[in-house]
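Asks: Have a look; sequence and predicted model below, questions after that.
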Amino acid sequence: MRSFAACALLCLAPGSFARAADGYRVLNAYPHDAQAFTQGLIYVDGHLYESTGLNGQSTLREEDLETGRVIKEATVPSQYFAEGLTNWGNTLIQLTWKAHVAFVYDRASFRLLKTLHYPWEGWGLTQDGKDLILSDGSERIHFLDPETFAEVRSIRVTDHGKPVQEINELEYIHGEIYANVWMTDKIARISPETGRVAGWIDLSGILPAIELRSQDAVLNGIAYDAVHHRLFVTGKLWPRLFEIQVEASRPGGRAPRP
């Protein structure tokens with residue numbers, strides 16, 4: 001979520017996850033703004049939207065997938081550090097990190113419609129068609145009423161009984177919550193009913209180390225094109241956005257359907 005310098009790394013070390021991870025195949029690579037501190041990424045009705053962070057640099061953007069060009073942009077007031085992003089109806093909802101405020105925008109015009117409030121830190125945000133789904137940087141994921149932001153329920157993310165902390169950017173795909181784990185190259189596939197990790201996707205090496213501009217340039221950004229069944233990933237300060245296919249970790253195994 002935020003800059004590495006902003007808080008200590010509390011999650012499981014990248015090599016300590018209990019399950020073997022699935023791999024990936026890159027299908028396409030697209031330009032991405034290497035100055036964008038990516039916090040949230042969604043693909044809706046043929047449009048790519050991104051939330052970028054850092055105080056004084058936070059934005060909401062619509063971008064052209066093929067060129068990476070920013071088509072439309074709203075600047076977030078400098079006192080806010082923007083975080084996760086999702087769509088709800090004809091709106092976009094953008095979290096902030098520590099301000100406990102979410103911004104609700106008209107999706108077509110980026111006009112600010114209202115603000116909502118929540119008691120946790122804001123990290124990732126997605127939705128399942130019924131509830132908004134928010135991560136707060138711990139192992140806890142909260143399900144919220146889309147109109148009021150009141151908590152409906154929550155789950156605790158575990159892998160073989162061990163808590164998985166630093167749950168970050170989220171995307172809801174085919175009945176599972178896909179989640180970046182901050183400062184790792186792995187995405188967890190989480191049951192929204194139980195919080196148990198159903199599997200891991202290991203994206204190690206997808207962006208060569210020579211292209212990582214700083215220690216903050218970590219994997220963070222998952223978007224899914226539900227119409228054409230395309231899975232996109234990127235990272236903070238990454239010069240590229242990737243369309244990937246998940247591949248099973250063992251011969252004869254079945255990768256999740258993205």
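Replies: Sure thing, it's come through. Numbering: from 1, shown residues only.
Asks: Surely Leu231 touches Phe242?
Replies: No: the criterion here is C-beta atoms under 8 Å, and Leu231 misses it with Phe242 at 9.0 Å. Using the backbone N, CA and C atoms, a C-beta is placed for each residue, glycine as well.
Asks: any weak-confidence spans in the chain?
Replies: 1-19, 250-255 (pLDDT under 70).
Asks: Centre-most residue in it?
Replies: Glu169 (2.4 Å; C-alpha atoms, centre = their mean).
Asks: Tell me how far that residue lies from Gly53.
Replies: The spacing between Glu169 and Gly53, counted by C-beta to C-beta, to the nearest Å, is 11 Å.
Asks: Touching, Gly84 and Gln127? I think so.
Replies: No: here Gly84 does not reach Gln127: they are 10.8 Å apart, not a contact under C-beta under 8 Å.
Asks: So those two - more neighbours on which side?
Replies: Gly84 (31 against 20; other C-beta atoms under 10 Å).
Asks: State the helix or strand in which the more buried one lies.
Replies: strand 82-88 (DSSP states H and E).
Asks: Quick check: what element follows that strand along the chain?
Replies: Criterion used, DSSP H and E; the element after strand 82-88 is strand 91-96.
Asks: re earlier: counting neighbours, which bits of the strand holding Gly84 end up buried?
Replies: Ala82, Glu83, Gly84, Leu85, Thr86, Asn87 (16 or more other C-beta atoms under 10 Å).
Asks: re the thing from before, tilt between the host helix or strand of the residue nearest to the centre of the chain and strand 82-88?
Replies: Using DSSP H and E, Glu169 sits within strand 167-173. Here the directions of strand 167-173 and strand 82-88 differ by 20 degrees (axes from the mean of the first three to the mean of the last three C-alpha atoms, to 10 degrees).
Asks: After strand 167-173, which helix or strand is next? Please name it.
Replies: Heading C-terminal from strand 167-173 (DSSP H and E), you reach strand 176-181.
Asks: just checking, what packs against whichever strand or helix holds Ile42?
Replies: Per DSSP H and E, Ile42 falls inside strand 38-44. With contacts taken as 3 or more C-beta pairs under 8 Å, 6 or more residues apart in numbering; DSSP states H and E, strand 38-44 sits against strand 47-52, strand 82-88, strand 91-96, strand 167-173, strand 219-225, strand 230-235.
Asks: Can you lay out those as a markdown table showing distance to Tyr24?
Replies: A markdown table is the format used below for these (distance: least, C-beta to C-beta, whole Å):
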| stretch | distance to Tyr24 |
| --- | --- |
| strand 47-52 | 20 |
| strand 82-88 | 22 |
| strand 91-96 | 27 |
| strand 167-173 | 14 |
| strand 219-225 | 11 |
| strand 230-235 | 8 |
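Asks: Just give the closest residue to Leu92, not the sequence neighbours.
Replies: Tyr105 (4.7 Å; C-beta to C-beta, 6 or more residues apart in numbering).
Asks: Strands of the stretch 1-150 of the chain, start to end?
Replies: With strands called from DSSP state E, counting those that start in this stretch, the stretch 1-150 of the chain shows them at 21-31, 38-44, 47-52, 59-63, 70-75, 82-88, 91-96, 101-106, 112-117, 125-127, 132-135, 140-144.
Asks: Paired strands for the fourth one, with orientation please.
Replies: Read it as strand 59-63. strand 47-52 (antiparallel), strand 70-75 (antiparallel) (DSSP bridges).
Asks: same question, the shortest one
Replies: Using DSSP bridges, the neighbouring strands of strand 125-127 in the sheet come out as strand 132-135 (antiparallel).
Asks: Could you tell me how far Gly235 is located from Leu92?
Replies: Following C-beta to C-beta, the distance that separates Gly235 from Leu92 is 21 Å.
Asks: and what of Ile71?
Replies: From Ile71 to Leu92 the distance is 14 Å (C-beta to C-beta).
Asks: who has more neighbours, these two?
Replies: Leu92 (25 against 12).
Asks: Which residues does the more buried one form beta bridges with?
Replies: Asn87, Tyr105.
Asks: Noted, bye for now.
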